[in-house]
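K.L.:
just coords:
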(Lines give C-alpha, C1' and ligand atoms only; values in the text may rest on other atoms or scores of the structure.)
Protein backbone atom coordinates (compact mmCIF):
# COMPACT_ATOMS: atom_id res chain seq x y z
CA UNK A 1 0.00 0.00 0.00
CA UNK A 2 1.47 3.35 -1.07
CA UNK A 3 0.81 6.50 0.92
CA UNK A 4 1.41 10.07 -0.15
CA UNK A 5 2.12 11.13 3.40
CA UNK A 6 5.83 11.16 4.33
CA UNK A 7 7.39 9.73 7.49
CA UNK A 8 8.54 13.14 8.66
CA UNK A 9 4.95 14.22 9.33
CA UNK A 10 4.69 11.87 12.29
CA UNK A 11 6.18 11.83 15.74
CA UNK A 12 6.81 8.62 17.62
CA UNK A 13 5.76 7.08 20.88
CA UNK A 14 8.61 4.54 21.01
CA UNK A 15 12.17 4.51 19.67
CA UNK A 16 13.34 0.88 19.43
CA UNK A 17 17.12 0.39 19.39
CA UNK A 18 18.54 -3.12 18.98
CA UNK A 19 21.15 -5.23 17.22
CA UNK A 20 19.17 -7.56 15.00
CA UNK A 21 22.11 -9.88 14.38
CA UNK A 22 22.06 -10.89 18.06
CA UNK A 23 18.35 -11.12 18.80
CA UNK A 24 17.43 -12.73 15.54
CA UNK A 25 14.94 -11.37 13.05
CA UNK A 26 12.00 -12.88 14.92
CA UNK A 27 12.34 -11.04 18.23
CA UNK A 28 12.82 -7.58 16.74
CA UNK A 29 9.96 -8.08 14.28
CA UNK A 30 7.61 -9.43 16.95
CA UNK A 31 8.39 -6.61 19.38
CA UNK A 32 7.96 -3.92 16.73
CA UNK A 33 4.68 -5.43 15.50
CA UNK A 34 3.30 -5.82 19.04
CA UNK A 35 4.05 -2.18 19.84
CA UNK A 36 2.37 -0.97 16.65
CA UNK A 37 -0.68 -3.18 17.22
CA UNK A 38 -0.99 -1.76 20.73
CA UNK A 39 -1.22 1.72 19.24
CA UNK A 40 2.37 2.86 19.83
CA UNK A 41 3.87 4.49 16.75
CA UNK A 42 7.38 3.02 16.81
CA UNK A 43 10.64 3.92 15.08
CA UNK A 44 12.92 0.90 14.68
CA UNK A 45 16.67 1.56 14.75
CA UNK A 46 18.51 -1.64 13.85
CA UNK A 47 22.25 -1.50 13.23
CA UNK A 48 21.79 -3.95 10.34
CA UNK A 49 19.69 -1.47 8.36
CA UNK A 50 21.55 -0.07 5.37
CA UNK A 51 22.08 3.63 6.07
CA UNK A 52 21.19 6.34 3.65
CA UNK A 53 21.07 10.08 4.09
CA UNK A 54 17.28 10.48 4.21
CA UNK A 55 16.97 7.68 6.79
CA UNK A 56 19.63 9.23 9.00
CA UNK A 57 17.73 12.52 8.92
CA UNK A 58 14.54 10.72 9.90
CA UNK A 59 16.41 8.84 12.65
CA UNK A 60 17.62 12.07 14.23
CA UNK A 61 14.11 13.51 14.01
CA UNK A 62 12.65 10.35 15.56
CA UNK A 63 15.09 10.56 18.47
CA UNK A 64 14.02 14.14 19.18
CA UNK A 65 10.30 13.34 19.01
CA UNK A 66 10.10 9.96 20.74
CA UNK A 67 8.62 9.69 24.22
CA UNK A 68 10.13 6.37 25.25
CA UNK A 69 13.38 4.64 24.23
CA UNK A 70 13.51 0.85 24.26
CA UNK A 71 17.16 -0.27 24.18
CA UNK A 72 17.62 -4.02 23.72
CA UNK A 73 20.94 -5.25 25.16
CA UNK A 74 22.13 -8.45 23.51
CA UNK A 75 25.32 -10.52 23.64
CA UNK A 76 27.30 -8.50 21.08
CA UNK A 77 25.59 -5.13 21.59
CA UNK A 78 28.88 -3.62 22.76
CA UNK A 79 30.61 -4.76 19.57
CA UNK A 80 28.51 -2.32 17.54
CA UNK A 81 29.89 1.22 17.63
CA UNK A 82 26.60 2.31 16.05
CA UNK A 83 24.57 0.93 18.97
CA UNK A 84 26.95 2.45 21.52
CA UNK A 85 26.82 5.86 19.84
CA UNK A 86 23.02 5.74 19.80
CA UNK A 87 22.99 4.84 23.50
CA UNK A 88 25.17 7.86 24.32
CA UNK A 89 22.79 10.12 22.39
CA UNK A 90 19.77 8.62 24.14
CA UNK A 91 21.22 9.10 27.62
CA UNK A 92 22.24 12.64 26.69
CA UNK A 93 18.67 13.36 25.59
CA UNK A 94 17.43 11.98 28.90
CA UNK A 95 19.70 14.28 30.91
CA UNK A 96 18.79 17.33 28.84
CA UNK A 97 15.07 16.67 29.21
CA UNK A 98 15.25 17.20 33.01
CA UNK A 99 13.03 17.65 35.01
CA UNK A 100 10.58 16.01 32.60
CA UNK A 101 12.71 13.02 31.72
CA UNK A 102 12.04 11.11 28.58
CA UNK A 103 11.63 7.44 29.43
CA UNK A 104 14.56 5.11 28.79
CA UNK A 105 13.61 1.46 29.26
CA UNK A 106 16.41 -1.15 29.05
CA UNK A 107 15.49 -4.62 27.81
CA UNK A 108 18.06 -7.28 28.70
CA UNK A 109 18.30 -10.09 26.18
CA UNK A 110 21.33 -11.21 28.25
CA UNK A 111 22.28 -11.21 31.92
CA UNK A 112 22.09 -7.56 33.11
CA UNK A 113 25.41 -8.05 34.97
CA UNK A 114 27.21 -8.40 31.63
CA UNK A 115 26.04 -4.90 30.75
CA UNK A 116 26.61 -3.17 34.08
CA UNK A 117 30.02 -4.79 34.71
CA UNK A 118 30.99 -4.91 31.03
CA UNK A 119 32.04 -8.54 31.43
CA UNK A 120 32.57 -11.46 29.01
CA UNK A 121 31.61 -10.41 25.47
CA UNK A 122 31.29 -6.79 26.59
CA UNK A 123 34.81 -6.86 28.06
CA UNK A 124 36.21 -8.29 24.84
CA UNK A 125 34.43 -5.64 22.79
CA UNK A 126 35.78 -2.80 24.92
CA UNK A 127 39.30 -4.16 24.75
CA UNK A 128 39.05 -3.74 20.99
CA UNK A 129 37.45 -0.28 21.27
CA UNK A 130 40.16 1.01 23.60
CA UNK A 131 42.80 0.17 21.03
CA UNK A 132 41.14 2.72 18.75
CA UNK A 133 40.13 5.40 21.28
CA UNK A 134 40.29 5.12 25.07
CA UNK A 135 38.42 8.42 25.43
CA UNK A 136 35.47 7.27 23.36
CA UNK A 137 35.46 3.87 25.03
CA UNK A 138 35.13 5.55 28.44
CA UNK A 139 32.13 7.56 27.21
CA UNK A 140 30.49 4.34 26.07
CA UNK A 141 31.28 2.62 29.41
CA UNK A 142 29.71 5.50 31.34
CA UNK A 143 26.55 5.31 29.24
CA UNK A 144 26.27 1.55 29.87
CA UNK A 145 26.68 2.03 33.63
CA UNK A 146 24.11 4.83 33.66
CA UNK A 147 21.49 2.88 31.72
CA UNK A 148 22.08 -0.26 33.83
CA UNK A 149 21.19 1.72 36.95
CA UNK A 150 17.70 2.31 35.53
CA UNK A 151 16.79 -1.35 35.86
CA UNK A 152 14.73 -2.93 33.11
CA UNK A 153 13.13 -6.10 31.82
CA UNK A 154 15.05 -9.38 31.63
CA UNK A 155 14.29 -12.29 29.27
CA UNK A 156 15.74 -14.98 31.56
CA UNK A 157 14.29 -18.40 30.68
CA UNK A 158 10.82 -17.27 29.60
CA UNK A 159 9.14 -17.54 26.24
CA UNK A 160 9.86 -14.73 23.79
CA UNK A 161 6.17 -14.25 22.93
CA UNK A 162 5.25 -13.72 26.59
CA UNK A 163 8.28 -11.49 27.07
CA UNK A 164 7.18 -9.27 24.17
CA UNK A 165 3.70 -8.87 25.67
CA UNK A 166 5.22 -8.03 29.05
CA UNK A 167 7.31 -5.33 27.39
CA UNK A 168 4.22 -3.82 25.75
CA UNK A 169 2.41 -3.77 29.10
CA UNK A 170 5.34 -2.00 30.72
CA UNK A 171 5.51 0.53 27.88
CA UNK A 172 1.81 1.26 28.33
CA UNK A 173 2.35 1.77 32.06
CA UNK A 174 5.35 4.06 31.62
CA UNK A 175 3.63 6.17 29.00
CA UNK A 176 0.61 6.49 31.27
CA UNK A 177 -1.49 4.83 28.59
CA UNK A 178 -4.05 2.87 30.62
CA UNK A 179 -6.89 0.92 29.16
CA UNK A 180 -9.83 3.33 29.28
CA UNK A 181 -11.90 2.92 32.43
CA UNK A 182 -15.15 1.02 32.37
CA UNK A 183 -17.47 0.39 35.34
CA UNK A 184 -17.13 -2.76 37.39
CA UNK A 185 -19.62 -5.63 37.03
CA UNK A 186 -20.28 -5.40 33.29
CA UNK A 187 -23.33 -7.66 33.20
CA UNK A 188 -24.42 -8.81 29.73
CA UNK A 189 -21.67 -6.86 27.98
CA UNK A 190 -20.49 -9.60 25.61
CA UNK A 191 -23.88 -10.16 23.99
CA UNK A 192 -24.27 -6.42 23.46
CA UNK A 193 -20.96 -5.93 21.68
CA UNK A 194 -21.08 -9.09 19.55
CA UNK A 195 -22.59 -7.35 16.50
CA UNK A 196 -20.12 -4.48 16.81
CA UNK A 197 -17.21 -6.92 16.93
CA UNK A 198 -18.45 -8.61 13.74
CA UNK A 199 -18.75 -5.22 12.05
CA UNK A 200 -15.22 -4.27 13.04
CA UNK A 201 -13.85 -7.48 11.60
CA UNK A 202 -15.18 -6.57 8.15
CA UNK A 203 -12.37 -4.53 6.61
CA UNK A 204 -13.85 -4.38 3.10
CA UNK A 205 -15.20 -0.85 3.48
CA UNK A 206 -15.23 2.20 5.73
CA UNK A 207 -18.76 2.20 7.19
CA UNK A 208 -20.06 4.71 9.70
CA UNK A 209 -22.08 3.64 12.72
CA UNK A 210 -24.15 4.89 15.63
CA UNK A 211 -24.40 3.27 19.04
CA UNK A 212 -27.72 4.49 20.35
CA UNK A 213 -30.15 4.00 23.19
CA UNK A 214 -31.63 5.75 26.20
CA UNK A 215 -29.29 7.70 28.47
CA UNK A 216 -27.66 5.49 31.09
CA UNK A 217 -28.14 2.28 29.10
CA UNK A 218 -24.37 1.89 28.66
CA UNK A 219 -23.52 3.36 25.25
CA UNK A 220 -20.25 4.91 26.42
CA UNK A 221 -19.35 1.84 28.48
CA UNK A 222 -19.86 -0.42 25.48
CA UNK A 223 -17.84 1.91 23.24
CA UNK A 224 -14.99 1.85 25.79
CA UNK A 225 -15.14 -1.93 26.05
CA UNK A 226 -14.92 -2.30 22.28
CA UNK A 227 -12.13 0.28 22.27
CA UNK A 228 -10.16 -1.66 24.88
CA UNK A 229 -10.59 -4.91 22.98
CA UNK A 230 -9.08 -3.28 19.92
CA UNK A 231 -6.02 -2.25 21.97
CA UNK A 232 -6.11 1.21 20.42
CA UNK A 233 -6.67 3.31 23.48
CA UNK A 234 -5.46 6.67 22.24
CA UNK A 235 -3.91 7.24 18.85
CA UNK A 236 -2.89 10.82 19.60
CA UNK A 237 -0.90 10.52 22.81
CA UNK A 238 0.31 14.13 23.11
CA UNK A 239 -2.10 15.65 25.63
CA UNK A 240 -0.69 19.15 25.10
CA UNK A 241 -1.05 19.27 21.34
CA UNK A 242 -2.16 22.73 20.24
CA UNK A 243 -5.15 22.90 17.90
CA UNK A 244 -5.67 26.37 16.46
CA UNK A 245 -9.06 25.75 14.87
CA UNK A 246 -11.34 22.99 13.59
CA UNK A 247 -9.52 22.69 10.27
CA UNK A 248 -6.16 22.47 12.05
CA UNK A 249 -7.54 19.77 14.35
CA UNK A 250 -8.82 17.80 11.38
CA UNK A 251 -5.39 17.97 9.73
CA UNK A 252 -3.63 16.81 12.92
CA UNK A 253 -5.91 13.78 13.12
CA UNK A 254 -5.27 13.06 9.44
CA UNK A 255 -1.51 13.23 9.94
CA UNK A 256 -1.60 10.95 12.97
CA UNK A 257 -3.77 8.12 11.66
CA UNK A 258 -3.50 8.30 7.89
CA UNK A 259 -1.25 5.23 7.64
CA UNK A 260 -3.01 3.02 10.17
CA UNK A 261 -6.07 0.93 10.56
CA UNK A 262 -7.81 2.62 13.45
CA UNK A 263 -11.01 2.63 15.46
CA UNK A 264 -12.35 6.13 16.13
CA UNK A 265 -14.88 6.56 18.96
CA UNK A 266 -16.74 9.87 19.22
CA UNK A 267 -18.71 10.17 22.46
CA UNK A 268 -21.44 12.71 23.28
CA UNK A 269 -21.66 14.09 19.75
CA UNK A 270 -24.14 16.92 20.08
CA UNK A 271 -23.84 18.57 16.68
CA UNK A 272 -23.38 17.15 13.20
CA UNK A 273 -20.70 19.75 12.45
CA UNK A 274 -18.40 18.05 14.98
CA UNK A 275 -18.51 14.89 12.90
CA UNK A 276 -18.30 16.60 9.53
CA UNK A 277 -14.95 18.17 10.37
CA UNK A 278 -13.47 14.68 10.75
CA UNK A 279 -15.27 12.68 8.08
CA UNK A 280 -15.76 15.34 5.41
CA UNK A 281 -13.48 13.26 3.18
CA UNK A 282 -12.53 9.62 3.56
CA UNK A 283 -9.58 9.36 1.22
CA UNK A 284 -6.99 9.77 3.96
CA UNK A 285 -8.34 6.92 6.11
CA UNK A 286 -6.53 3.62 5.89
CA UNK A 287 -8.70 0.92 4.34
CA UNK A 288 -10.24 -1.04 7.18
CA UNK A 289 -10.48 1.89 9.60
CA UNK A 290 -13.77 2.30 11.42
CA UNK A 291 -15.57 5.41 12.62
CA UNK A 292 -18.23 4.48 15.13
CA UNK A 293 -20.76 7.17 14.21
CA UNK A 294 -23.50 6.06 11.71
CA UNK A 295 -24.38 2.38 11.29
CA UNK A 296 -26.99 1.72 13.95
CA UNK A 297 -26.39 -0.55 16.94
CA UNK A 298 -29.19 -0.25 19.45
CA UNK A 299 -28.17 -1.00 23.03
CA UNK A 300 -31.08 -2.77 24.67
CA UNK A 301 -31.92 -2.50 28.34
CA UNK A 302 -30.93 -5.36 30.63
CA UNK A 303 -33.35 -8.20 31.16
CA UNK A 304 -34.89 -8.95 34.56
CA UNK A 305 -32.26 -11.52 35.58
CA UNK A 306 -29.37 -9.34 34.38
CA UNK A 307 -30.85 -6.34 36.19
CA UNK A 308 -31.18 -8.22 39.46
CA UNK A 309 -27.61 -9.49 39.14
CA UNK A 310 -26.17 -6.00 38.50
CA UNK A 311 -28.23 -4.45 41.30
CA UNK A 312 -27.20 -7.21 43.72
CA UNK A 313 -23.51 -6.80 42.87
CA UNK A 314 -23.65 -3.16 43.90
CA UNK A 315 -25.75 -3.72 47.03
CA UNK A 316 -24.57 -7.06 48.36
CA UNK A 317 -21.34 -7.69 46.46
CA UNK A 318 -22.70 -10.87 44.88
CA UNK A 319 -25.02 -11.97 42.09
CA UNK A 320 -28.16 -12.46 44.23
CA UNK A 321 -29.84 -10.56 47.09
CA UNK A 322 -29.29 -11.55 50.70
CA UNK A 323 -32.03 -13.47 52.49
CA UNK A 324 -34.96 -11.20 53.27
CA UNK A 325 -34.07 -8.64 50.60
CA UNK A 326 -35.59 -10.26 47.50
CA UNK A 327 -38.95 -8.45 47.57
CA UNK A 328 -37.36 -5.04 48.06
CA UNK A 329 -34.72 -5.77 45.44
CA UNK A 330 -37.30 -6.76 42.85
CA UNK A 331 -39.17 -3.52 43.54
CA UNK A 332 -36.01 -1.50 42.92
CA UNK A 333 -35.13 -3.48 39.80
CA UNK A 334 -38.63 -3.05 38.38
CA UNK A 335 -38.43 0.72 38.74
CA UNK A 336 -35.00 0.92 37.06
CA UNK A 337 -36.42 -0.70 33.90
CA UNK A 338 -33.15 -2.35 32.87
CA UNK A 339 -31.02 0.82 32.83
CA UNK A 340 -27.53 -0.04 34.17
CA UNK A 341 -26.89 3.52 35.40
CA UNK A 342 -30.05 3.48 37.51
CA UNK A 343 -29.31 0.00 38.87
CA UNK A 344 -25.79 1.07 39.89
CA UNK A 345 -26.92 4.35 41.46
CA UNK A 346 -29.79 2.78 43.38
CA UNK A 347 -27.65 -0.17 44.41
CA UNK A 348 -24.89 2.05 45.74
CA UNK A 349 -27.39 4.25 47.57
CA UNK A 350 -29.22 1.34 49.20
CA UNK A 351 -26.07 -0.57 50.14
CA UNK A 352 -25.59 1.63 53.22
CA UNK A 353 -29.21 1.49 54.39
CA UNK A 354 -30.64 -1.00 56.87
CA UNK A 355 -33.41 -3.24 55.51
CA UNK A 356 -35.89 -1.70 57.97
CA UNK A 357 -35.47 1.62 56.15
CA UNK A 358 -35.64 0.28 52.61
CA UNK A 359 -39.36 0.90 52.12
CA UNK A 360 -39.03 4.58 52.99
CA UNK A 361 -35.89 4.88 50.89
CA UNK A 362 -37.58 3.29 47.89
CA UNK A 363 -40.61 5.54 48.31
CA UNK A 364 -38.31 8.56 48.19
CA UNK A 365 -36.39 7.29 45.16
CA UNK A 366 -39.61 6.64 43.28
CA UNK A 367 -40.98 10.09 44.15
CA UNK A 368 -37.84 12.10 43.36
CA UNK A 369 -35.45 10.86 40.69
CA UNK A 370 -31.95 10.10 42.00
CA UNK A 371 -29.70 13.06 41.21
CA UNK A 372 -27.01 10.96 39.53
CA UNK A 373 -29.56 9.44 37.15
CA UNK A 374 -31.25 12.80 36.61
CA UNK A 375 -28.02 14.51 35.53
CA UNK A 376 -27.21 11.87 32.92
CA UNK A 377 -30.72 11.76 31.47
CA UNK A 378 -31.07 15.54 31.43
CA UNK A 379 -28.24 15.77 28.88
CA UNK A 380 -30.70 14.49 26.25
CA UNK A 381 -33.23 17.15 27.24
CA UNK A 382 -30.68 19.96 27.20
CA UNK A 383 -29.50 18.89 23.73
CA UNK A 384 -32.93 19.50 22.18
CA UNK A 385 -32.60 22.14 19.49
CA UNK A 386 -34.80 24.90 20.91
CA UNK A 387 -37.30 25.91 23.57
CA UNK A 388 -40.25 24.67 21.50
CA UNK A 389 -38.77 21.17 21.41
CA UNK A 390 -38.14 21.21 25.16
CA UNK A 391 -41.67 22.42 25.92
CA UNK A 392 -43.13 19.72 23.67
CA UNK A 393 -41.08 17.04 25.42
CA UNK A 394 -42.22 18.20 28.87
CA UNK A 395 -45.88 18.38 27.76
CA UNK A 396 -45.81 14.82 26.45
CA UNK A 397 -43.96 13.48 29.50
CA UNK A 398 -46.41 15.11 31.90
CA UNK A 399 -49.73 14.54 30.12
CA UNK A 400 -49.78 12.55 26.90
CA UNK A 401 -47.92 9.26 27.39
CA UNK A 402 -50.08 6.42 26.11
CA UNK A 403 -52.27 8.68 23.98
CA UNK A 404 -52.74 8.39 20.22
CA UNK A 405 -50.17 10.44 18.33
CA UNK A 406 -52.56 12.18 15.92
CA UNK A 407 -54.84 13.18 18.80
CA UNK A 408 -51.90 14.66 20.74
CA UNK A 409 -50.71 16.46 17.62
CA UNK A 410 -54.07 18.20 17.18
CA UNK A 411 -54.06 19.38 20.80
CA UNK A 412 -50.48 20.63 20.83
CA UNK A 413 -50.70 22.24 17.39
CA UNK A 414 -53.24 24.52 19.04
CA UNK A 415 -50.38 25.62 21.28
CA UNK A 416 -48.27 26.43 18.19
CA UNK A 417 -45.73 23.75 19.07
CA UNK A 418 -45.52 22.21 15.57
CA UNK A 419 -46.17 18.88 17.20
CA UNK A 420 -45.94 16.54 14.19
CA UNK A 421 -42.37 17.51 13.33
CA UNK A 422 -41.49 17.83 17.01
CA UNK A 423 -42.72 14.34 17.87
CA UNK A 424 -40.70 12.88 15.00
CA UNK A 425 -37.61 14.70 16.28
CA UNK A 426 -38.12 13.19 19.74
CA UNK A 427 -38.46 9.75 18.15
CA UNK A 428 -35.24 10.30 16.17
CA UNK A 429 -33.48 11.24 19.40
CA UNK A 430 -34.79 8.08 21.14
CA UNK A 431 -36.70 10.17 23.69
CA UNK A 432 -40.04 8.86 22.48
CA UNK A 433 -41.41 5.77 20.74
CA UNK A 434 -44.53 5.28 18.64
CA UNK A 435 -46.07 2.02 19.80
CA UNK A 436 -49.07 -0.08 18.86
CA UNK A 437 -52.15 1.81 17.70
CA UNK A 438 -49.93 4.85 17.07
CA UNK A 439 -49.66 5.57 20.79
CA UNK A 440 -46.86 7.58 22.39
CA UNK A 441 -44.50 5.58 24.61
CA UNK A 442 -41.77 7.05 26.80
CA UNK A 443 -39.31 5.21 29.01
CA UNK A 444 -40.39 5.61 32.66
CA UNK A 445 -37.04 7.11 33.67
CA UNK A 446 -37.22 9.70 30.88
CA UNK A 447 -40.73 10.53 32.04
CA UNK A 448 -39.52 10.94 35.60
CA UNK A 449 -36.59 13.07 34.45
CA UNK A 450 -38.98 15.42 32.65
CA UNK A 451 -41.30 15.65 35.63
CA UNK A 452 -38.34 16.29 37.93
CA UNK A 453 -37.38 19.26 35.73
CA UNK A 454 -40.87 20.65 36.28
CA UNK A 455 -40.85 19.86 40.02
CA UNK A 456 -37.57 21.74 40.46
CA UNK A 457 -39.22 24.90 39.14
CA UNK A 458 -40.83 25.19 42.56
CA UNK A 459 -40.16 22.21 44.86
CA UNK A 460 -42.40 23.41 47.69
CA UNK A 461 -45.22 25.17 45.83
CA UNK A 462 -46.93 23.18 43.04
CA UNK A 463 -48.91 26.28 42.09
CA UNK A 464 -45.76 27.92 40.78
CA UNK A 465 -44.83 25.03 38.52
CA UNK A 466 -45.49 25.19 34.80
CA UNK A 467 -47.33 21.85 34.69
CA UNK A 468 -49.35 19.70 37.06
CA UNK A 469 -50.06 16.02 36.44
CA UNK A 470 -50.80 14.80 39.97
CA UNK A 471 -54.48 14.73 40.94
CA UNK A 472 -53.63 15.79 44.48
CA UNK A 473 -51.48 18.72 43.36
CA UNK A 474 -54.12 19.83 40.85
CA UNK A 475 -56.87 19.83 43.48
CA UNK A 476 -54.64 21.66 45.96
CA UNK A 477 -53.84 24.40 43.46
CA UNK A 478 -57.51 24.84 42.50
CA UNK A 479 -58.67 24.95 46.12
CA UNK A 480 -56.05 27.47 47.12
CA UNK A 481 -56.64 29.51 43.95
CA UNK A 482 -52.92 29.61 43.19
CA UNK A 483 -51.93 30.09 39.58
CA UNK A 484 -49.97 27.62 37.51
CA UNK A 485 -47.64 29.60 35.25
CA UNK A 486 -48.72 28.43 31.79
CA UNK A 487 -50.11 24.91 31.78
CA UNK A 488 -52.09 23.32 34.55
CA UNK A 489 -53.94 20.10 33.88
CA UNK A 490 -54.73 16.61 35.05
CA UNK A 491 -55.75 13.47 33.28
CA UNK A 492 -58.49 12.98 35.84
CA UNK A 493 -61.98 13.31 34.33
CA UNK A 494 -63.82 16.58 34.79
CA UNK A 495 -66.32 14.86 37.09
CA UNK A 496 -63.42 14.22 39.48
CA UNK A 497 -62.95 17.96 39.95
CA UNK A 498 -66.70 18.61 40.18
CA UNK A 499 -66.95 16.17 43.06
CA UNK A 500 -64.19 17.98 44.95
CA UNK A 501 -64.75 21.62 44.10
CA UNK A 502 -67.66 23.95 43.63
CA UNK A 503 -66.57 24.80 40.08
CA UNK A 504 -69.08 25.99 37.52
CA UNK A 505 -66.80 25.19 34.59
CA UNK A 506 -63.25 25.60 33.34
CA UNK A 507 -61.88 26.61 29.98
CA UNK A 508 -58.56 25.58 28.44
CA UNK A 509 -57.26 28.24 26.07
CA UNK A 510 -53.92 27.59 24.41
CA UNK A 511 -51.55 26.83 27.29
CA UNK A 512 -53.40 28.69 30.03
CA UNK A 513 -55.97 27.00 32.23
CA UNK A 514 -58.46 29.63 33.31
CA UNK A 515 -60.63 29.02 36.29
CA UNK A 516 -64.11 30.50 36.32
CA UNK A 517 -66.06 30.09 39.54
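P.N.:
Here it is on my side, so go on. Because the structure is predicted, anything quoted here is derived from the model rather than measured.

K.L.:
which stretches of this structure have low pLDDT?
P.N.:
In the predicted model, the chain carries pLDDT under 70 at residues 1-10, 22-25, 46-55, 98-101, 157-158, 176-185, 202-208, 228-295, 481-517.

K.L.:
got a list of what residue 115 touches?
P.N.:
Counting by C-beta atoms under 8 Å, 6 or more residues apart in numbering, residue 115 touches 73, 77, 106, 108, 122, 144, 147-148. Heads up, the C-betas are built off the backbone N, CA and C, glycines and all.

K.L.:
ok but it is inside a helix, no?
P.N.:
Yes - under DSSP: H, G, I helix; E, B strand; the rest coil, residue 115 falls within a helix.

K.L.:
name the nearest residue to residue 113, sequence neighbours excluded.
P.N.:
In space, and not counting its chain neighbours, residue 113 is closest to residue 119: 6.6 Å by C-beta to C-beta, 6 or more residues apart in numbering.

K.L.:
where does that neighbour sit: helix, strand or coil?
P.N.:
Here residue 119 is coil, with the state taken from three-state DSSP.

K.L.:
residue 216 now?
P.N.:
coil.

K.L.:
from residue 162, how far off is the residue nearest to it when sequence neighbours are not counted?
P.N.:
Leaving out its chain neighbours, the residue that sits closest to residue 216 by C-beta to C-beta, 6+ apart is residue 341, at 3.1 Å. Using C-beta to C-beta, to the nearest Å, residue 341 is found at 38 Å from residue 162.

K.L.:
these two: which is more packed in?
P.N.:
residue 341 (21 against 10; other C-beta atoms under 10 Å).

K.L.:
confirm that that one sits in a helix.
P.N.:
Yes - assessed with three-state DSSP, residue 341 lies in a helix.

K.L.:
pull the distance from stretch 109-120 to the chain's centre.
P.N.:
Here the centre of stretch 109-120 is set off from its chain's centre by 44 Å, with C-alpha atoms, centre = their mean, to the nearest Å.

K.L.:
compute the first-to-last residue distance for that stretch.
P.N.:
Terminal residues of stretch 109-120 are spaced 15 Å apart (C-alpha to C-alpha, to the nearest Å).

K.L.:
show me what stretch 302-317 is in contact with.
P.N.:
In contact with stretch 302-317 (C-beta under 8 Å, 6+ apart) are residues 184-185, 187-188, 318-322, 325, 329-330, 332-333, 336, 338-340, 343-344, 346-348, 350-351.

K.L.:
check stretch 322-334 too.
P.N.:
304, 307-308, 311-312, 315-316, 321, 343, 346-347, 350, 355, 358-359, 362, 365.

K.L.:
which ChimeraX command selects the buried ones in those residues?
P.N.:
In ChimeraX, a selection of the buried entries from the contacts of stretch 322-334 looks like this (16 or more other C-beta atoms under 10 Å):
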select :307,308,311,312,315,316,321,343,346,347,350,358,362,365
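
K.L.:
of the contacts of stretch 322-334, which belong to helices?
P.N.:
Under the assignment DSSP state H, the contacts of stretch 322-334 contribute 304, 307-308, 311-312, 315-316, 343, 346-347, 350, 358-359, 362, 365 to helices.

K.L.:
top helix in this protein by residue count?
P.N.:
The chain, longest helix under DSSP H: helix 20-37.

K.L.:
list the buried residues in it.
P.N.:
Buried, per 16+ other C-beta under 10 Å, within helix 20-37: 20-23, 27-28, 30-32, 34-35.

K.L.:
can you put the residues you listed in JSON lines and add distance to residue 370?
P.N.:
Output for the buried residues of helix 20-37, formatted as JSON lines (distance: C-beta to C-beta, whole Å):
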{"residue": "20", "distance to residue 370": "59"}
{"residue": "21", "distance to residue 370": "64"}
{"residue": "22", "distance to residue 370": "61"}
{"residue": "23", "distance to residue 370": "57"}
{"residue": "27", "distance to residue 370": "54"}
{"residue": "28", "distance to residue 370": "55"}
{"residue": "30", "distance to residue 370": "50"}
{"residue": "31", "distance to residue 370": "49"}
{"residue": "32", "distance to residue 370": "50"}
{"residue": "34", "distance to residue 370": "44"}
{"residue": "35", "distance to residue 370": "44"}
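
K.L.:
nearest to residue 458, of the residues you listed?
P.N.:
Lowest distance from residue 458 to the buried residues of helix 20-37 (C-beta to C-beta) belongs to residue 35, with 59.5 Å.

K.L.:
tell me the contacts of the residue nearest to residue 216?
P.N.:
Contact partners of residue 341, counting by C-beta under 8 Å, 6+ apart, are 215-218, 372-373, 376.

K.L.:
how does it look with 7 Å?
P.N.:
Taking C-beta atoms under 7 Å, 6 or more residues apart in numbering as the criterion, residue 341 is in contact with 216, 373, 376.

K.L.:
could you do residue 298 as well?
P.N.:
Contacts of residue 298 (C-beta under 7 Å, 6+ apart): 212-213.

K.L.:
one more: residue 299?
P.N.:
Contacts of residue 299 (C-beta under 7 Å, 6+ apart): 192, 211, 213, 217-219, 222.

K.L.:
these into JSON lines, with extra columns for neighbour count and secondary structure?
P.N.:
As requested, those are exported to JSON lines (neighbours: other C-beta atoms under 10 Å; DSSP: H, G, I helix; E, B strand; the rest coil):
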{"residue": "192", "neighbour count": "23", "secondary structure": "helix"}
{"residue": "211", "neighbour count": "23", "secondary structure": "strand"}
{"residue": "213", "neighbour count": "19", "secondary structure": "coil"}
{"residue": "217", "neighbour count": "26", "secondary structure": "coil"}
{"residue": "218", "neighbour count": "26", "secondary structure": "coil"}
{"residue": "219", "neighbour count": "19", "secondary structure": "helix"}
{"residue": "222", "neighbour count": "21", "secondary structure": "helix"}
